[in-house]
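Novice: Predicted model and sequence follow; I will ask about them next.
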Amino acid sequence: MGVFLNSSAPYENYKEIASDMYFVDKSPIIGELFPALGKRERHFCITRPRRFGKSVMADMIGAFFSRGVDSGNLSDNLAIAENKEYKSHLNRHHVIFMDCSRMPERCSDYHSYLTRISDGIRGDLLQAYSDLEIDKEKALWDIFLDIFLKTKDKFIFVIDEWDAVFHMSFISEDISKSYLAFLKNLLKDQAYVELAYMTGVLPIAKYSSGSELNMFREYDMVSKKKFSEYFGFLDHEVDQLFQIYREQTKHPGITREELRMWYDGYYTAKGEKIYNPRSVVCALQDDEPGNYWTSSGPYDEIFYYIRNNVESVRDDLV
């Protein structure tokens, strides 16, 4: 059990969420990943705006599959426990968990950023497979392949905020190409990859016009129906949370209609109303509606999207 390999951090993070009074069980998404394990179409990239539950889902998936923890006490109470394949996958896989928004202390360059990831994973592997003769000077993907060829062990990669580097001050065109090449070498056509689950704010195509990561199947919020119900709260889920709020709050000051007026301005590709989860939970906890979502991130991100015409937003504004 290391920092990246079979880390207990996803479990600890998800355990906090699952114990919250306003918790919504989205665990059936795990069952939708079972058929992809070890198959050709095993690379998923799910893009959503900030504060729509991407990290929560990543932690849940990491906690469920990882051999590094016993998450049965948590998972047994979730909807995924009803899946017939539940026991055969619960804590039975090696998981590499990468939160790409994390940076080393005083990080001011790409080399330091990537070194934390690559050297961290390399160190975990060398420690976990200390009985094997592994050349630590090899490229990270060659070390993974060497381990696979000697042990047949495969790995599930859970990568949260994969695109965080593109918003860092040191990013350049050359660095972008180098980062994409790193992910390609690590994940594309590699026999040791059992599953790759990746999240980000914007689609891969907005950062790459080539074939570096074309093995990923992308699922955005607007056009893709698959996975749409797992990110954000649906109408009936907000109904359930509101009922808890009414029962647990001495003098409730929010009406159900206020939650609808404030937070249901979104729709899934299936046409279902969807609420920003952070906003709903914060409003119920504070007993007061507010702009919790926009206050959770810097406004300069908007300028980044306009300046770079991301998703043709500048054209739309004009």
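Specialist: Yep, it's here.
Novice: that's a strand at residue 289, yeah?
Specialist: No. Assigned with DSSP: H, G, I helix; E, B strand; the rest coil, residue 289 falls outside any strand and is coil.
Novice: Quick one: residues contacting it.
Specialist: 254, 258, 259, 262, 263, 283 (Cβ atoms under 8 Å, 6 or more residues apart in numbering). Backbone N, C-alpha and C define where each C-beta goes, glycine included.
Novice: Looking at the residues you listed, which are in helices?
Specialist: 258, 259, 262, 263, 283 (DSSP state H).
Novice: picking up where we left off before, redo the contacts of residue 289 as a markdown table? Include neighbour count, pLDDT and distance to residue 61.
Specialist: Below are these laid out as a markdown table (neighbours: other Cβ atoms under 10 Å; pLDDT from 0 to 100; distance: Cβ to Cβ, whole Å):
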| residue | neighbour count | pLDDT | distance to residue 61 |
| --- | --- | --- | --- |
| 254 | 18 | 95 | 32 |
| 258 | 14 | 94 | 33 |
| 259 | 22 | 94 | 28 |
| 262 | 18 | 92 | 30 |
| 263 | 23 | 91 | 26 |
| 283 | 22 | 95 | 27 |
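Novice: Pull the most distant pair out of those residues.
Specialist: Among those, the pair separated by the greatest distance (Cβ to Cβ) is 254 and 263, at 10.9 Å.
Novice: Between those two, which contacts overlap?
Specialist: 283, 289.
Novice: mind listing the strands for the stretch 201-318 of the chain?
Specialist: 217-219, 233-234, 266-267, 273-275 (DSSP state E, counting those that start in this stretch).
Novice: Now do the same contact list for residue 265.
Specialist: Contact criterion Cβ under 8 Å, 6+ apart gives no residues in contact with residue 265.
Novice: where do the helices sit along the stretch 151-300 of the chain?
Specialist: Using DSSP state H, counting those that start in this stretch, the helices of the stretch 151-300 of the chain run over residues 173-187, 235-248, 256-263, 277-286, 300-307.
Novice: what residue ranges in this protein score low on pLDDT?
Specialist: Residue ranges of the chain with pLDDT under 70: 209-210, 293-318.
Novice: for it, longest helix please?
Specialist: helix 110-128.
Novice: Any chance you could list what contacts the top strand by length along the chain?
Specialist: For the chain, the longest strand by residue count, based on DSSP state E, is strand 193-200. Contact with strand 193-200 is made by 33, 36-38, 42-48, 54-55, 57-58, 61, 93, 154-164, 187, 216, as judged by Cβ under 8 Å, 6+ apart.
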